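Colleague: model this:
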Amino acid sequence: MFSSRSQGITRLHFVFQLAGVLALVWIIYPAVNWIRFGGELKAHDYVLVTGVLIVAALLEILTRPGETKHLSGLSRSQVTAVTHRQTLFALVSVFGTMVMLKDNSLSRAFLALFFPFYFVWIAWSNRTGYRMLHRTLYRNRGKGLSKALLIGPRSAVSRYCDNPNPVKPPGTDILGYVAVDSDIFPAANGAIALPQIGVISDLQAICEETKARALLLLGLTDRKDLVPPLTQISSELGLRTMWLDDVDAHYGTGSQAYHSANYSVVTRLREPLEDPVNRCIKRFVDFVGSGIAVALFLPPMILAVGLIHRFQSPGPLFYRQKRSGRNGETFEMLKFRSMHVEDPNREFEQAKQDDPRVFRGGLLLRKWSIDELPQLINVFRGEMSLVGPRPHPLPLDERLATESGVYRLRNLAKPGITGLAQCRGWRGETRRPDQVRNRVRLDLFYIQHWSIGFDFRIMAETVRQLVFPPDSAC
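Modeller: Okay, the predicted model is just below:
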């Protein structure tokens, strides 16, 4: 029942959402055509847009990660990420089609109106419309939802109630819980949001009295002895029975479960960038963004930095250093040299405030992050990304890995020119343990919650810090 209902709601929501998108096209197009162009716009261009949007929506839902296909049970940030993904698919599909067909007949006024309304509709239908559809579908003509009983130990029920997005089969209304513990109504019972209706020894009588239609078995993985009697009771009374496994209780908070055939695969780390579509989207943004910047901004900066070097610190234009990239692979990262030329055999020393090795012009390069610009070449070559965990010199990598047991998890993503940790003020020299912990914490948060919208927010914050550099910039 659970999988069938969830799949059905997902499909119906897709049709409902797509119908709204197509309605927007054929409301905005006639309005723009009549008000702005006096009926001169050709309808077949907007028939093409309709077809492109349908294909984009199908591709998005078919390639969406399995854990976010069903919107029920997702956090607000996860639903927002789905909304951003859908909007990006539509934008890339429409504008990509225009570029490939060299077609400029679509009205700019139409596009300027359509996409804001499109985003608002997608956001509303994901957050509110999905729940409304859910409630409408599974109400039995005024009789309410199907009554269900939660069966499990009080500790598991308490964790279930504390979850802000608990899993609940579509169309069920949980009346309360039936405890498998020995004592009936403990003093601590008030701490659990659901009322306790009884204990498992009285289950058959409880089901008949409450007219329950479903049993949700929670946290009973280790109680195989309960399977035969529960199966017998559910069969005799004609009840649906579903097993809910509390993955966090077994594997720790934040665990993710996936199902293949009769096996469950559990992982402790959510990685949106392991989705090939997400990686293509991120690479497209990196390639286009770095390509434009390398062509337009890097040449004049090379000339300006070259002049600074000539008068203040003659030597190589670029500083090249081995850094650790995705999956621990090393690459040669480029920077504008901001220090005097040193003996290559000198032991590594991290830059610090008022570092005497930095020449006067180099201070400005570092303060305004101009020295980082050559890394756009690394991004263009695919060794780095515009946004990601900042790569550290290999000797510093070794030291920080000993100070944080999860430090190496940063290597699951491509390193970036900027990152979430840098935008939150954790940049510059790492002298204290809390600096390491906070950098790693924010980098892992980024890896687990990546979305293209998240990248754009970090880039916008980076631009703000370029204009108003923090004191930690050195």
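
Colleague: what ranges do the strands span in the stretch 351-474 of the chain?
Modeller: Along the stretch 351-474 of the chain, the segments classed as strands by DSSP state E, counting those that start in this stretch run 385-387, 416-418.

Colleague: what residues go with each domain of the protein?
Modeller: 2-137, 146-268, 276-467 (automatic domain parsing).

Colleague: Turn those into a markdown table, including mean neighbour count and mean pLDDT.
Modeller: The way it works is simple: take the backbone N, C-alpha and C, and place the C-beta from them, glycine included. Shown next, in a markdown table, are the domains of the chain (neighbours: other CB atoms under 10 Å; pLDDT from 0 to 100):
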| stretch | mean neighbour count | mean pLDDT |
| --- | --- | --- |
| domain 2-137 | 16 | 85 |
| domain 146-268 | 16 | 76 |
| domain 276-467 | 17 | 86 |
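
Colleague: about what we covered before: among the strands of the stretch 351-474 of the chain, which is nearest Pro228?
Modeller: Between Pro228 and the strands of the stretch 351-474 of the chain, the shortest separation by CB to CB is 54.0 Å, and it involves strand 385-387.

Colleague: Tell me which residues are up against the closest one.
Modeller: Outside strand 385-387, the residues within contact range by CB atoms under 8 Å, 6 or more residues apart in numbering are 282, 285-286, 289-290, 379, 413-420, 446, 455, 458-459.

Colleague: what do you get for stretch 39-49?
Modeller: Val25, Trp26, Tyr29, Val32, Asn33, Val94, Thr97, Asp103, Ser105, Leu106, Ser107, Phe110.

Colleague: The third one contacts Leu113, doesn't it?
Modeller: No: under the contact definition of CB atoms under 8 Å, Tyr29 does not touch Leu113, with a separation of 9.6 Å.

Colleague: circling back: quick one: which of the contacts of strand 385-387 sit in helices?
Modeller: Lys282, Val285, Asp286, Gly289, Ser290, Val379, Leu420, Tyr446, Asp455, Ile458, Met459 (DSSP state H).

Colleague: residues touching the last one, list them.
Modeller: Applying CB under 8 Å, 6+ apart, we find Met459 in contact with Leu386, Val387, Thr418.

Colleague: backbone phi and psi for the nearest residue to Gly362 once chain neighbours are set aside, please?
Modeller: Once flanking residues are discounted, Gly362 sits nearest to Ser338: 3.2 Å by CB to CB, 6 or more residues apart in numbering. With angles defined as degrees, to the nearest 10, Ser338 sits at phi -120, psi 0.

Colleague: so Ser338 makes contact with Glu372?
Modeller: No: look at Ser338 against Glu372 with CB under 8 Å: they stay out of range, at 9.9 Å.

Colleague: list residues touching both of those two?
Modeller: With CB under 8 Å, 6+ apart, Ser338 and Glu372 have no common neighbours.

Colleague: Check the secondary structure at Arg323 for me.
Modeller: strand (DSSP: H, G, I helix; E, B strand; the rest coil).

Colleague: which residues does it bridge with?
Modeller: Arg323 forms beta bridges with Phe331, Pro393, as assigned by DSSP bridges.

Colleague: quick one: contacts for it?
Modeller: Thr330, Phe331, Glu332, Met333, Pro391, His392, Pro393, Leu394, Pro415.

Colleague: Could you check how far it is from Arg268?
Modeller: 26 Å (CB to CB, to the nearest Å).

Colleague: Equivalent analysis for Pro314, please.
Modeller: Distance from Pro314 to Arg268, by CB to CB: 51 Å.

Colleague: show me where the stretch 201-350 of the chain has helices.
Modeller: 203-210, 227-237, 247-251, 276-296, 298-312 (DSSP state H, counting those that start in this stretch).

Colleague: between the longest one and helix 298-312, how big is the angle?
Modeller: Angle of helix 276-296 versus helix 298-312, following axes from the mean of the first three to the mean of the last three CA atoms, to 10 degrees, is 60 degrees.

Colleague: Name the surrounding residues that touch helix 276-296.
Modeller: Contacts for helix 276-296 (CB under 8 Å, 6+ apart): 63, 85, 88, 92, 272-273, 373, 376-377, 379-380, 382, 385-386, 450, 452, 455.

Colleague: Please compute how far it lies from its chain's middle.
Modeller: Remark: helix 276-296 is offset 18 Å from the chain centroid, using CA atoms, centre = their mean, to the nearest Å.

Colleague: Assign Ile174 to helix, strand or coil.
Modeller: Per three-state DSSP, Ile174 ends up strand.

Colleague: Could I get the contacting residues of it?
Modeller: Contacts of Ile174 by CB under 8 Å, 6+ apart are Ala148, Leu149, Leu150, Lys168, Leu194, Leu216.

Colleague: Closest one to Val358 out of the contacts of Arg323, please.
Modeller: So of those, ranked by how close each gets to Val358 (CB to CB), first place is Pro393, at 15.9 Å.

Colleague: Which parts of the stretch 1-150 of the chain are strands?
Modeller: 146-152.

Colleague: Helices of that one, residue ranges please.
Modeller: 2-35, 43-63, 76-101, 108-124, 130-137.

Colleague: name the helices or strands packed onto the first one?
Modeller: On a contact count with 3 or more CB pairs under 8 Å, 6 or more residues apart in numbering; DSSP states H and E, helix 2-35 meets helix 43-63, helix 108-124, helix 130-137.

Colleague: Can you tell me how far the closest residue to Glu403 other than its chain neighbours is from Thr402?
Modeller: For Glu403, ignoring the flanking residues on the chain, the nearest one in space by CB to CB, 6+ apart is Val436 at 4.9 Å. Distance, Val436 to Thr402, by CB to CB: 10 Å.

Colleague: measure Asp246 to Gln448 for me?
Modeller: 20 Å.

Colleague: and if you look at Arg390?
Modeller: Taken as CB to CB, the span from Arg390 to Gln448 is 17 Å.

Colleague: show me what contacts Ile192?
Modeller: Applying CB under 8 Å, 6+ apart, the residues near Ile192 are Arg154, Val157, Ser158, Cys161, Tyr177.

Colleague: swap that for Lys69, sorry
Modeller: Lys69 neighbours (CB under 8 Å, 6+ apart): Thr10, Ile61.

Colleague: cool, and Val32?
Modeller: Per CB under 8 Å, 6+ apart, neighbours of Val32: Leu41, Ser107, Ala109, Phe110, Leu113.

Colleague: Skip the chain neighbours and tell me the closest residue to Glu383.
Modeller: Using CB to CB, 6+ apart, the nearest residue to Glu383 is Phe331, at 4.4 Å.

Colleague: same question but for Gly20, I mixed them up
Modeller: Trp121 is the one closest to Gly20 (CB to CB, 6+ apart), at 5.2 Å.

Colleague: give me every residue that touches the one you found.
Modeller: When contacts are taken as CB under 8 Å, 6+ apart, Trp121 is in contact with Gln17, Gly20, Val21, Leu24.

Colleague: With distance to Ser255 added, can I get those residues in a markdown table?
Modeller: Listed next are those as a markdown table, based on distance: CB to CB, whole Å:
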| residue | distance to Ser255 |
| --- | --- |
| Gln17 | 30 |
| Gly20 | 35 |
| Val21 | 35 |
| Leu24 | 39 |
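
Colleague: Relative to Val79, which of the contacts of Ile174 is nearest.
Modeller: Lys168 (16.4 Å).

Colleague: in the chain, what residue sits furthest out from the centroid?
Modeller: Phe311 (47.2 Å; CA atoms, centre = their mean).

Colleague: Show the contacting residues for it.
Modeller: Phe311 neighbours (CB under 8 Å, 6+ apart): Gly361.
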